[in-house]
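Quick one, fold the following:
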Amino acid sequence: MKKLFLSLFLFSSLLFTASAAEAQDPLKETYQAYLALKNDLVKDMVAKASAETFVAKIKAVKTQDLTAAQQKVWAGYATKILKDAEAISASKDIEKQRKAFSTLSENMYPVAKSIASGEAIYYQFCPMKKSYWLSSESAVKNPYYGKSMLTCGSVKEVLK
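Numbering: from 1, shown residues only. Reported below is the predicted structural model:
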C-alpha cells in the first residue's frame, strides 16, 4: 500500500512538473499579442483594440515568472515597449500607429530573443521604411504598407 501511495505521489508530481513547464511563458503571451497588433496593420486595420490587449499583456507580466535572463531583458525594455504600445492604442490614425510600431518592433526584438520557444520568430525588414518587425511566419507580410506593398521586405534573422 505504501508503495502504491508513493508511486501515485511520484506520478502526480511528475504530471504537475510537466504541466508547470508547459505553462505559457508571460513574454510569449506578450509576443502573441504583439503579433495580433502586427496582423491588424498588415490588414490595413486601425490596431486600437489589439494594441489595448497588448498593453494589458505587458502590464500583466510579473518579473518573478521570468527566467533570470528574461528579467534582465524585460527590465531594460518593458517601459519602452509599454510607451510604444500605449501610443498605438491612443491613436486612431493608422500611419501614426505604424510609426510607433517601428519603434515598438525594435524594442520587442531583444525580448523576442529571450523567449524560450521551439517555434521560429522571423525578424523582418522593410527597406522602404527602413524598419523591422517580428513575425511567426517566414512569408513577408509588411505591416508598414499593408496591401499596397504586402510582400515588400525580407527576413533578416530567424530566432529560435
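
Do a quick rundown of the strands in this structure.
121-126, 131-135, 154-159 (DSSP state E).

Which secondary structure elements does the second one sit against?
The helices and strands touching strand 131-135, judged by 3 or more Cβ pairs under 8 Å, 6 or more residues apart in numbering; DSSP states H and E, are helix 26-42, helix 94-114, strand 121-126. C-beta: built from backbone N, CA, C; applies to glycine.

redo that, cut-off 6 Å
helix 94-114, strand 121-126 (3 or more Cβ pairs under 6 Å, 6 or more residues apart in numbering; DSSP states H and E).

Dump these to TSV, plus distance to residue 153.
Output for the helices and strands packed on strand 131-135, formatted as TSV (distance: least, Cβ to Cβ, whole Å):
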stretch	distance to residue 153
helix 94-114	12
strand 121-126	5
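
right, and the ones you listed - which one's nearest residue 61?
Using Cβ to Cβ as the measure, helix 94-114 is the one of the helices and strands packed on strand 131-135 that comes nearest residue 61, at 9.8 Å.

got the angle between the closest one and strand 154-159?
Inter-element angle recorded for helix 94-114 and strand 154-159: 30 degrees (by axes from the mean of the first three to the mean of the last three Cα atoms, to 10 degrees).

What residues of helix 94-114 count as buried?
94, 97-109, 111-112, 114 (16 or more other Cβ atoms under 10 Å).

what about the protein, any weak spots by pLDDT?
Across the chain, the ranges flagged by pLDDT under 70 are 1-24, 116-117.

which helix of it spans the most residues?
helix 68-90 (DSSP state H).

That one: how far from the chain's middle?
Chain-centre distance of helix 68-90: 11 Å, with Cα atoms, centre = their mean, to the nearest Å.

Report all helices and strands that that helix contacts.
Partner elements for helix 68-90 (3+ Cβ pairs under 6 Å, 6+ apart): helix 48-60, helix 94-114.

name the helices or strands packed onto the shortest one?
Using 3+ Cβ pairs under 6 Å, 6+ apart as the contact test, the elements touching helix 48-60 are helix 26-42, helix 68-90.
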